[in-house]
Structures are given as structure tokens and as C-alpha cells.
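Asker: Sharing a model prediction with you, sequence too.
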Amino acid sequence: MCKSMVVKAPAKINLGLAVLKRRSDGYHDLLSIMQQVSLADTLTIEPVRGAGLSFSCSDPSLNGEDNLVCRAAALLAAQTRKALPGVKIDLYKNIPVEAGLGGGSSDAAAALSALNRYWRLDLTAQTLGELGSRLGSDIPFCLQGGTALASGRGEVLQPLPGLSFFWVVLAVPAGLGLSTASVFRALNLEGAPRPPIRRLIAAVQRESREEIVNWLEERHTNSLEAGVVAAYPRLMALKKRMRELGLVPVMSGSGPTFFALTGGARLAGNAVRILRDEGYRAYLCWTERSTR
Ligand code: C5P
């Protein structure tokens, strides 16, 4: 019998995101620095008699075979002719859904790497990355973690020096979720700003906290932000409130989560408490380095 496993699936933030062009395959070329944070979902993997996968999720709306965890398991199983032992996966969600934090992608990445061990498939990190990229553009990053420059549609990665410790405040209006596809579809690329990601790369490579924080204070850090904020005025109110609380709020990915980095534990803790009191979903977490 295989052994039970408990694995974490951490969220990511995009420190900056520049959309470069629309491609003929429906995706967009982009340049983004992605960063692993400590907020995480948990997957519990247990042996069951017989074959097949049984899956359940703490969020009932995410139950079912089209969950990326089930699709990752099926894709992995299709890589071998061996009869694979049965498995039960329970997914406990902490990361808000459709929030720009890569929650679903990270669940799929955790399933790919855990089932590769559970089923003793011995697939390389490169093969897992290729499989992951078929399921979602952010999955290769989620497999790798840490800090990386993502290009192509997000699946081409160049590792960067791990960011030093920052507290990370995450906040999103309760009940607001956005599908990545709909945000990209609504993007007016001609009118969208193109943030100076090269300067952010240089700051991360120099490991300069000051330059990274200064960059996040730029007027534009994410090509998708202006369109999303214009469509959801509640986000303008959230940004304003985060600023009043002494933070520098920046949108992650396709939104609608805003994050802020800070070295101040008390500032971050107070902000999260106040934002929660005001009805936002807010989280206190921190930047993490890759453990893989
Ligand atoms: O890769 P993923 O499945 O997460 O992407 C979801 C949708 O977001 C894609 O079908 C596409 O419409 C859009 N997308 C995009 N350009 C990217 C990533 C995603 O247009 N680089």
C-alpha cells in the first residue's frame, strides 16, 4: 500500500505584470515576476482499495471531475501503462477562488508532484512542467515556487534570487471573483499601460528591498489593473482604504486581489484586522523561498 501524504499548495502574487501582445492561439505574451507566498491550500492524499481517484473539496462549488486536481491526476495517469493504485484526494481551500492568486494552478501543481511520488512514476521536473503547462499557464511556476521571471504565456520561467522576507497583506472584496479568461478578453491592449518590468527584474537581481518597494509605488505595475478597477469600482475603494492604512496596494495577476509588501509586522497585522472588520477578505502572509 502507498503511504498517505499531506502537501501544501502555496498561493502566488505577481509583483509586476506586463501584457506584451495578443497571440493567434488566444493567449497573450506577458512578462511577470511571480512570487510564492505562505497562504496555502492543503491536499491530503490517501490510499484506497481498488483503482481510480476519489476527490473531495472543502469548498463544495469546486467539487467534481473538472477540478484541476482531477485533471492533473488524469493527465499523469495517462503517462503510464502501469495499473495505478487507487487514491483519495481531499483538498482544503484557504486561497480565495478566482482571485489572481493562482490557487487552482497551485492545487494542480501540488497534485502533479505528489502523485508523481505516490505512484512512483519518476517523471522529471521538466516533464511535470510540460504536463502542467497543458493544464494552465501558471502551473509550471507553481511547481517551482520561489521567485521567477515568467514569459511566454506565463509558462517560460527564469529563476530569480529569492526575495528576502516581506510581510504580505492580501485583500479582496468578499464575494468578488474574476475568471482570468474574462479579464484578458476585456483587455484593451492598445490603451493598457506596459509597466517597466526590466527595472523590477534588476531590483530583484540586486536583492534591493528599497528598489523593489520603490518600483511597487510606480503608477502602473500591472497591465490588467486599470481595466479591472474601472469595471469594479469596489476595488478603487479597497485600494484607497489600503493606502489610508499605510500600505502600497498592487493588483495580483488578473485580480481582483490587491496585495502590499511591508517590513512592518504591526502595520500589516493592524491593516488585516481593520480590513476584515470592514467586510473584506484579508490575509496576513509572507514571501517564501522555493523549497523544491
Ligand atoms: O492558462 P490558463 O488556463 O490559466 O488561462 C486561462 C485563460 O486566460 C486562457 O484561456 C486565456 O483566455 C487567458 N490567458 C491569456 N494569456 C495568458 C494567460 C491566460 O489570454 N498569458
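Answerer: The structure has been received and is ready for your questions. Numbers count the residues shown, from 1 in each chain.
Asker: Can you tell me how far residue 80 is from residue 116?
Answerer: Counting by CB to CB, to the nearest Å, the separation of residue 80 from residue 116 is 10 Å. In short, each C-beta sits where N, CA and C put it, glycine included.
Asker: and if you look at residue 25?
Answerer: Distance of residue 25 to residue 116, computed by CB to CB: 27 Å.
Asker: With residue 243 instead?
Answerer: Going from residue 243 to residue 116 by CB to CB gives 44 Å.
Asker: cool, residue 55 as well?
Answerer: As defined by CB to CB, residue 55 lies at a distance of 17 Å from residue 116.
Asker: Find the residue closest to residue 271 in space, skipping its chain neighbours.
Answerer: Distances taken as CB to CB, 6 or more residues apart in numbering place residue 245 nearest to residue 271, at 4.2 Å, with adjacent residues excluded.
Asker: hang on, residue 71 is in a helix, isn't it?
Answerer: Yes - assignment of residue 71 by DSSP: H, G, I helix; E, B strand; the rest coil places it within a helix.
Asker: Please list all residues in contact with it.
Answerer: 65, 108, 135 (CB atoms under 8 Å, 6 or more residues apart in numbering).
Asker: out of these, which is most surrounded?
Answerer: residue 108 (28 neighbours; other CB atoms under 10 Å).
Asker: Could you check which helix or strand contains that one?
Answerer: helix 103-118 (DSSP states H and E).
Asker: Mean confidence (pLDDT) on that helix, please.
Answerer: Averaging pLDDT along helix 103-118 gives 98.
Asker: do that helix and the ligand meet?
Answerer: No - Helix 103-118 does not reach the ligand (CB under 6 Å from any ligand atom); its nearest approach is 6.5 Å.
Asker: what about the very next helix or strand once past that helix, near the ligand?
Answerer: Next along the chain after helix 103-118, taking DSSP H and E as the criterion, comes helix 125-135. No - Helix 125-135 stays clear of the ligand (CB under 6 Å from any ligand atom), getting no nearer than 7.3 Å.
Asker: Could you list the alpha-carbon positions for helix 125-135 in CSV?
Answerer: The C-alpha trace of helix 125-135 is given here as CSV (Å, rounded to 0.1, in the frame of the first residue of the first chain):
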residue,chain,number,x,y,z
ALA,A,125,10.7,18.2,-13.1
GLN,A,126,10.8,19.2,-16.7
THR,A,127,8.2,16.6,-17.7
LEU,A,128,5.9,17.7,-14.9
GLY,A,129,6.3,21.3,-16.0
GLU,A,130,5.4,20.4,-19.6
LEU,A,131,2.3,18.5,-18.4
GLY,A,132,1.4,21.3,-16.0
SER,A,133,1.6,23.9,-18.8
ARG,A,134,-1.0,22.0,-20.8
LEU,A,135,-3.4,22.5,-17.8
